[in-house]
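K.L.:
I'll drop the sequence and a predicted model, then ask my questions.
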Amino acid sequence: MTNNFEEFQKFGKEQLDATTAVAASLAKGFQTIAAEATDYSKKTLESNSAYVEKIIGAKSLDNAIQIQSEYAKTAYEGFVAQATKIGELYTSLAKEAFKPLESAMAKVQAAASTPK
């Protein structure tokens with residue numbers, strides 16, 4: 001009976017450790033994503049300011065159209081690159097966060113399949 005209690009206690013500690021590791025991994029991942037979003041926002045604001053200055057200084061309608069086209073192309077490419085990067089960060093976050101749980105579940109499955 002004492003042996004079963006010790007096994008149960010050990011199992012509970014392993015589960016707590018796994019949960020703690022998941023929480024730490026999630027926190028770190030979300031901080032990385034937030035920092036990346038903040039950097040992108042700063043870059044976008046700077047780009048928008050530069051665009052407004054250029055469009056105000058346009059000498060002709062053709063020049064303004066060219067400035068607008070270049071800005072639209074650059075903004076779109078930047079957005080797609082950022083969306084891809086954020087997607088990769090979320091994928092990495094999910095993989096890293098659930099590694100401790102995979103390990104814990106493997107131990108549970110091994111313990112459950114071991115005959116006593």
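P.N.:
Arrived safely. The model shown is predicted, which means the values in this text are computed figures rather than measured ones.
K.L.:
and the helix or strand where residue 54 lies, what does it pack against?
P.N.:
Secondary structure assignment for residue 54, by DSSP states H and E: helix 2-56. In terms of contacts (3 or more Cβ pairs under 8 Å, 6 or more residues apart in numbering; DSSP states H and E), helix 2-56 is packed against helix 61-113. Every C-beta, even on glycine, is put in place using the N, C-alpha and C of the backbone.
K.L.:
gap between the helix it packs on and the chain center?
P.N.:
6 Å (Cα atoms, centre = their mean, to the nearest Å).
K.L.:
quick one: work out the angle between it and helix 2-56.
P.N.:
Put simply, helix 61-113 runs at 180 degrees to helix 2-56, going by axes from the mean of the first three to the mean of the last three Cα atoms, to 10 degrees.
K.L.:
same for helix 61-113, what does it pack against?
P.N.:
Looks like helix 61-113 contacts helix 2-56 (3+ Cβ pairs under 8 Å, 6+ apart).
K.L.:
pLDDT averaged over the helix it packs on - what is it?
P.N.:
Taken as a whole, helix 2-56 has a mean pLDDT of 88.
K.L.:
do stretch 71-87 as well
P.N.:
Mean predicted lDDT for stretch 71-87 stands at 96.
K.L.:
now do stretch 94-105
P.N.:
On average, stretch 94-105 scores 79.
K.L.:
how close does the closest residue to residue 82 other than its chain neighbours sit to residue 26?
P.N.:
Counting by Cβ to Cβ, 6 or more residues apart in numbering, residue 82 lies nearest to residue 40, which is 4.9 Å off, once chain neighbours are set aside. Between residue 40 and residue 26 the distance is 21 Å, computed by Cβ to Cβ, to the nearest Å.
K.L.:
okay, now the residue nearest to residue 82: neighbour count?
P.N.:
17 (other Cβ atoms under 10 Å).
K.L.:
got the contact list for the residue nearest to residue 85 when sequence neighbours are not counted?
P.N.:
Nearest non-adjacent residue to residue 85, counting by Cβ to Cβ, 6+ apart: residue 36, 6.6 Å away. By Cβ atoms under 8 Å, 6 or more residues apart in numbering, the residues touching residue 36 are 82, 85-86, 89.
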